[in-house]
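1. Using only what follows, build the 3D model:
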Amino acid sequence: MLGSDERKHILVVDDERVITDTLVTIFSKEGYEVRGVYSAEQALALTSEWRPALAIIDVRLPQMNGIDLAILLKAQFPDCRLSLFSGQAATSDLLEIARQNGHSFEVLPKPVHPTKLLGLAAQLVPPAAESSPDLN
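-> Residues are numbered from 1 along each chain as shown. Presented below is the predicted three-dimensional model:
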């Protein structure tokens with residue numbers, strides 16, 4: 001189960017740096033503690049020390065693909081929510097292999113408007129301002 005500080009942790013993984021960096025900025029301004037990395041391997045290194053509540057992952061990554069990363073993160077952090085997205089139509093083969101192995105994922109098409117991702121995050125992991133009462 002996630003601690004109160006971990007409920008607002010969001011991990012963004014995309015090899016397109018401008019997408020990762022933009023999403024990190026947007027989520028940060030909304031009160032989330034967000035980290036962005038550019039590969040699955042960087043994500044795995046980061047999550048050895050930092051636990052995400054939500055991982056937003058591009059399917060097509062260099063070396064390890066985003067679906068394999070999502071499977072590993074789900075095994076390591078069963079409470080972690082996952083959102084996959086892709087700008088390439090040729091992800092159905094990866095999704096089918098995952099489904100045959102008991103993993104089902106929905107993939108959002110790129111470009112995904114940031115407001116859609118913010119809405120998804122708000123449903124899955126409320127930002128700090130919403131997760132604790134105002135004492136003033």
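
2. Which element, helix or strand, includes Ile19?
-> helix 17-29 (DSSP states H and E).

3. Now that helix: buried residues?
-> Neighbour-count burial for helix 17-29, counted by 16 or more other CB atoms under 10 Å, picks out Ile19, Thr20, Leu23, Val24, Ile26, Phe27. (Each C-beta comes from the backbone N, C-alpha and C, glycine too.)

4. Including distance to Ser86 and pLDDT, could these go into JSON lines?
-> JSON lines is the format used below for the buried residues of helix 17-29 (distance: CB to CB, whole Å; pLDDT from 0 to 100):
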{"residue": "Ile19", "distance to Ser86": "12", "pLDDT": "94"}
{"residue": "Thr20", "distance to Ser86": "14", "pLDDT": "96"}
{"residue": "Leu23", "distance to Ser86": "15", "pLDDT": "95"}
{"residue": "Val24", "distance to Ser86": "19", "pLDDT": "97"}
{"residue": "Ile26", "distance to Ser86": "19", "pLDDT": "95"}
{"residue": "Phe27", "distance to Ser86": "20", "pLDDT": "95"}
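
5. quick check, nearest of these to Gln63?
-> Gln63 lies nearest to Thr20 out of those, by CB to CB, at 16.1 Å.

6. ok, that closest one - contacts?
-> Val12, Val13, Asp14, Gly36, Val37, Tyr38 (CB atoms under 8 Å, 6 or more residues apart in numbering).

7. Report the buried members of the residues you listed.
-> Among these, those buried by neighbour count (16+ other CB under 10 Å) are Val12, Val13, Asp14, Gly36, Val37, Tyr38.

8. can you pull out the strands in this protein?
-> Ranges of strands in the chain, per DSSP state E, are 9-13, 33-37, 54-58, 81-86, 107-109.

9. Looking at those, which is nearest to Leu69?
-> strand 54-58 (5.8 Å).

10. And that closest one, what's buried?
-> Neighbour-count burial for strand 54-58, with 16+ other CB under 10 Å as criterion, is recorded at Leu54, Ala55, Ile56, Ile57, Asp58.
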